[in-house]
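J.: Got a sequence here, can you build the structure:
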Amino acid sequence: MGILRASLIATGASRGILSEARLDHEPKGATASGGHPPLPPQPPGASTAAHGGILLRMMHCHFRGRVPAVFAILTVLAPPLRAGDSAIRDGDTVVFLGDSITAARTYGKIIENYTLLRFPDRRVRFVNAGWGGDTAAGGLARLNRDVLDRGATLVTVAYGINDIGWGMRADAEHRQRYLDAVRGIVERCRARGVRAYICSAAITAEDPDQAETGFLQKMCDDGLAVARAAGGSVIDVQRTMRRIQRRLIEANARLSPGQKKESLHAEDGVHLNEYGQIAMAFAILKGLGAPADVSSVEIDARGPELITAAGCSVERLTREGDRIEFTRRDSGLPLNLGLVGLLSYRFIPIPDELNRYMLTVRGLPDGPYEIIVNGRTLGTFESRQLADGVNLCSATPDPWVPGGPWDAQATVLRNLTDARHENALGHLHIDLYLAGWPGIDGLRSGSAEIDRQIVQMQRAVARPVPYRYVLRPTTRPAR
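T.: Take a look at the predicted model:
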């Protein structure tokens, strides 16, 4: 079988959720009152887990628990800037189609927040069409209603694990059903002018060397080939996540006996925990061409002189003694995920590969320098670090609070995005459970208005503003 083998046992039920997260006005296909459509009936070919899906547990889950937290300000030597742009365009409606890993909405919210912060001038809507227990055939069966009729212009498609029954139906028949569905999704999307990105399935917690040659990887590889041949785009989520998984395994191997080991998965070895969802968001963002560089500034303190500014503008550069000040205005902002993000960066290279927010200052007298931006302290850096270039994306002297003002903006944005998703779920449940209730129209319109206001707040808080930087000598040691 090559995936979870005979170690899978049934443990309970979970409910799939079809929910929508919007960055614009109500999508096409919504109800007249602005509500969400009811959860669709189980499509032909879907797993019997579509509404109350069978969850399966690995008897031997290799990675559990958490490692002790180690906090440090993130500093990175500055390689040359790399060109690139996200496949998500201004005016897009992006739909996430998939099973329960998608229905959890976590990786979708990360991609949403990344887009808002990095491209604040792009107006993009995001629709979550995840459905617990679903298969590629099920996604094809509901493609019109849940994707095409909702105004999609770009869709990511993530299936595989349910298609082979968590490894218990890893056979030629189910493989072919998966491949036929992938081809059907791409062809129907192309016919409607929708850009389809077929993703390989998220990794499981099994040994990565075995999984690399297992049935699921081979089936997904064939699915990517079918998608390319049909004119679609592809994202190899599995191998990107497996690279992260190997880093994590190496870190676990260095722990002392008795220390808890880290994982990307829930106890069943299939569903993703928060680290796993971040890893999947990273893989999809990379597959969508998300650029590594946010912006960068290089200054010669001896002038002072601005050498380069990419992705931003710099004004009012001054020097008084060894104190340097300037105003920086960015075109976009780095993604920040809070404390869990800082911890996950040990394994998931978001700062290096998606989040390079650089500052280089040459010609400073030797010693430590404190950086303060709009009154918020980022930390202390040695002059040699600043000369090499530091990545300030998540720099903070206290991991429990945001560092720079962009980190504070991202913190509020996460709160707003979470709130809008909760509102979306409430709106969905109104339609599901309160049909015929005398006050339903008022609830629907109220929920739609809340959504509209949250969208406005999201965009406002994600927009870059001028930041006043202060670099000054300090006696505090650099961390």
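J.: how many other residues sit next to the nearest residue to residue 311 once chain neighbours are set aside?
T.: What sits nearest to residue 311 in space, not counting adjacent residues and going by Cβ to Cβ, 6 or more residues apart in numbering, is residue 295, at 3.2 Å. Bear in mind the C-beta positions are built from the backbone N, C-alpha and C, glycine included. Other residues within reach of residue 295 by the criterion other Cβ atoms under 10 Å amount to 22.
J.: can you check residue 200 too?
T.: 25.
J.: give the contact list for it.
T.: For residue 200, the contact set (Cβ atoms under 8 Å, 6 or more residues apart in numbering) comprises 160, 217, 220-221, 223-224, 234-239.
J.: let's see 7 Å
T.: By Cβ atoms under 7 Å, 6 or more residues apart in numbering, the residues touching residue 200 are 160, 220, 224, 236-238.
J.: One more: residue 318?
T.: Contact criterion Cβ under 7 Å, 6+ apart gives residue 325 as the residues in contact with residue 318.
J.: what about it, distance to residue 297?
T.: Separation of residue 318 from residue 297 (Cβ to Cβ, to the nearest Å): 15 Å.
J.: so where's the protein uncertain?
T.: Low-confidence segments of the chain (pLDDT under 70): 1-84, 477-479.
J.: Mind jotting down where the helices sit in the chain?
T.: The residue ranges that make up the helices of the chain, judged by DSSP state H, are 100-103, 106-118, 136-141, 143-146, 172-191, 208-212, 215-229, 237-253, 274-287, 338-344, 350-353, 383-388, 405-433, 440-462.
J.: and residue 327, which of those is closest to it?
T.: For the helices of the chain, the distance to residue 327 is smallest for helix 405-433, at 12.5 Å, taking Cβ to Cβ.
J.: What is the closest one packed up against?
T.: Applying 3 or more Cβ pairs under 7 Å, 6 or more residues apart in numbering; DSSP states H and E, one finds that helix 405-433 makes contact with helix 106-118, helix 440-462.
J.: buried ones in that helix?
T.: Across helix 405-433, burial judged by 16 or more other Cβ atoms under 10 Å covers 405-411, 413-414, 416-417, 420-421, 423-424, 427-428, 430-431.
J.: residue with max distance from the center of the protein?
T.: residue 321 (43.3 Å; Cα atoms, centre = their mean).
J.: gap between residue 191 and residue 226?
T.: 16 Å.
J.: same deal with residue 90?
T.: Between residue 90 and residue 226 the distance is 30 Å, computed by Cβ to Cβ.
J.: between the two, who's got more neighbours?
T.: Relative neighbour count places residue 226 above the other of residue 90 and residue 226, with 19 against 9, counting by other Cβ under 10 Å.
J.: so what's the more buried one up against?
T.: Under the criterion of Cβ under 7 Å, 6+ apart, the contact partners of residue 226 comprise 179, 182-183.
J.: And the residues you listed, which is closest to residue 453?
T.: Out of the contacts of residue 226, the member with the shortest distance to residue 453 (by Cβ to Cβ) is residue 182, at 38.9 Å.
J.: The closest one - how many residues pack around it?
T.: For residue 182, the count of nearby residues is 31 (other Cβ under 10 Å).
J.: Same check on residue 239?
T.: Burial measure for residue 239: 15 neighbouring residues, criterion other Cβ under 10 Å.
J.: cool, and residue 172?
T.: Residue 172 is surrounded by 7 other residues when neighbours are defined as other Cβ under 10 Å.
J.: try the one 4 residues further on
T.: The local packing of residue 176 (other Cβ under 10 Å) involves 12 other residues.
J.: Same check on residue 435?
T.: Counted with other Cβ under 10 Å, the neighbours of residue 435 add up to 9.
J.: Now do stretch 133-151: distance from first to last residue.
T.: The stretch stretch 133-151 measures 24 Å between its terminal residues, going by Cα to Cα, to the nearest Å.
J.: show me what contacts residue 187?
T.: Contacts of residue 187 (Cβ under 7 Å, 6+ apart): residue 230.
J.: and with 8 Å instead?
T.: Applying Cβ under 8 Å, 6+ apart, we find residue 187 in contact with 230-231.
J.: From residue 194, how far off is it?
T.: Residue 187 sits 11 Å away from residue 194 when distances are taken as Cβ to Cβ.
J.: swap in residue 328?
T.: Counting by Cβ to Cβ - residue 328 and residue 194 are separated by 38 Å.
J.: and what of residue 251?
T.: Residue 251 sits at a distance of 40 Å from residue 194 (criterion: Cβ to Cβ).
J.: Which of the two has more residues huddled nearby?
T.: In terms of neighbours (other Cβ under 10 Å), residue 194 is the more surrounded of residue 251 and residue 194; the figures are 21 against 14.
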